[in-house]
Structure formats: structure tokens, C-alpha cells
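> below are the sequence and a predicted model; questions follow.
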Amino acid sequence: MIGWCFWLGTPSMMAGQVQPLDPWKKVPATPTTCFADEAFDAKVQAASQEMIADKDRQQALNARILERFNAMNPMERMNRMQAWMMKNPQAAAKMIEASANLGTEAGTAMPQLAATGERLEKERDGHKKALDAAIDDALKPLRAKEAALVKTKTKLVGEAQVPVFPTDAGYAEYVAVIGEENAAIEKACVPFFGAKGKFPTWLEQFRTEVADKEAAFSAASDAATMQQVAIIETPDGGFQSLGVFESARHYLRQLDTISRYRHRKLTPTIPLEKK
């Protein structure tokens, strides 16, 4: 999928060293593993902070460009704009039409996006419930097996009467059951976190139906300003719509939420204590 990233500058800028910032390049790939991953969660948080920093830098650059634009002699600015419109009549007509339709589109597009977001989040929550139910069903017989093993192969020690396994054989059997439980969790979650699972598919839908459209609307809102400031030479880069940063972070929050739906890998909690 292609995200929206509107950036305007003069030919000298476009041929120069600075390229428009693309926050989507910092979005981690959707996890396809079944167990909770703190390293991935940290990666998502780091990407979010980097996007905030990039947006702040772009916002400061936009402000400098607008300051230069507003400082231009009004007559010179008008002459340059008229020259550009005469040279690019089709683009000028589209810009004028887009500006005229912006208010109407705002009244319809944003409520539609909000409704789509609500619908998708309900679907996401439904997938979460289905995931938990599938894992519970898969673990039910194994939990009964574990409970029976603990009851017959452990003994209670100390004042707190804590269960321990007094034999290697009993403990090995217990560890094997925990392994079976983890295997059952992995199998149950494949339809949800596999490459074509419900959550990766949902995230693709969210980007296409919500995040990219949010960025596109923001870019359309900024299009007139962006075209006007394109007449200014700025050696350090170009004016860029900030909506792409917000839409990428909106997607990133959804990715973070879904990543945290993953269950923790089970580990043995009852020790081996031979005497």
C-alpha cells in the first residue's frame, strides 16, 4: 500500500539532497509470532518517538518557509503565482477546485472516516475475543492434565504448603505438559497472527480505509499553501503536510494494541525440590 506524503519544492530542491520524510518507513512489520514480545513493544514505542521528533522538525521547517513566503514583496509574490498559473493552467484549475471543495469534503469525509474507524475497532475487538476463546478451548484439556499431574506428583512443603516436585520424572512430565500448552497456544493463534491471519489483514484494512485517507485529507487541506510556497527556494528542504505523521502514528497505536493481544509464553512455576 502506498501512503500519502505531499511535499512541494522548487526543481532545485527536488534535485537536492533533502527528501520528504516518510514516517511509514519506521513502522515495524506486523508480528506473525504468537507470544508476547517486549522487544517488539519497545520497537513500536521507539518508532512513535522518532515520528514525533520528525514531525517537530518538519513543523519547524514549514514555519521557516512560511515566514519567508510572508516576507516576500506582495507584488512579487502575486507575479510569481500568476506566472505559475499561466504556465500550469490545468494544475492551477485543480488547485482552485480543490480549495473550493475542501469545506464540503470536510463535512462528509471526516465523519465517514470516524465511522469507518469505529466499525474497524469493533471488528478488532471481536477478533481479540475470538483469539482468547480459541486459546482457552485449546488449553482446557491440557490444564486438566496439568492439574491432575500437580495433584498426584507434587508434595506440599513449608508453612505455606507450597507444591514442589520431589522427583526428576515428575518434574520432567510437568515441563513437558507446559510445552504442550505452548504448542497449543501457537496452533490456536495462527489464524489470528499468521501471515494472512485476522490481525495482519485487519491492519491492512485500517491503513487503507482510515490512515491513508486521513493523510490524504490533510494533504488536500494543505495543497494550496504547499503550492504557493513552492515558489520559494529553500536550500534545507521543502514544505510537507504534517498529516502523514499523525496518520502513521494512528496506525502505530493500532499495531501496538494488537501486538499486546498476544499471550505470554508459559513457563514452569512449580520447582523441582529433591531431598
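Alright, I've got the coordinates.
> going by C-alpha atoms from here, please, whenever you check contacts or count neighbours.
OK.
> which helices and strands does the longest helix anywhere in the chain pack with?
The longest helix of the chain (DSSP state H) is helix 89-153. Judged by 3 or more C-alpha pairs under 8 Å, 6 or more residues apart in numbering; DSSP states H and E, helix 89-153 is in contact with helix 168-193, helix 198-206, helix 212-229.
> tell me what angle the first one forms with helix 198-206.
Computed with axes from the mean of the first three to the mean of the last three C-alpha atoms, to 10 degrees, the direction of helix 168-193 lies at 30 degrees from that of helix 198-206.
> so what's residue 265 closest to, chain neighbours aside?
Sequence neighbours aside, residue 35 is the residue nearest to residue 265 in space, at 5.6 Å (criterion: C-alpha to C-alpha, 6 or more residues apart in numbering).
> how many other residues sit next to that neighbour?
A count of neighbours around residue 35, defined by other C-alpha atoms under 10 Å, yields 20.
> contacts only, for residue 21.
Counting by C-alpha atoms under 8 Å, 6 or more residues apart in numbering, residue 21 touches residue 54.
> wait, the residue nearest to residue 265 sits on residue 266?
No. Counting by C-alpha atoms under 8 Å, residue 35 sits too far from residue 266 to count as a contact (9.3 Å).
> so which strand or helix has residue 30?
Using DSSP states H and E, residue 30 falls within no helix or strand.
> per-residue pLDDT of the spatially closest residue to it that is not a sequence neighbour, please?
In this structure, residue 30 finds its nearest non-sequential neighbour in residue 200, 6.4 Å apart by C-alpha to C-alpha, 6+ apart. As predicted, residue 200 sits at a pLDDT of 96.
> if I look at residue 200, how far off is residue 191?
10 Å (C-alpha to C-alpha, to the nearest Å).
> comparing those two, which residue is more hemmed in?
The neighbour comparison of residue 200 against residue 191 (other C-alpha under 10 Å) goes to residue 200, with 20 against 15.
> contacting residues for that one?
Counting by C-alpha under 8 Å, 6+ apart, residue 200 touches 30, 32, 192, 193, 194.
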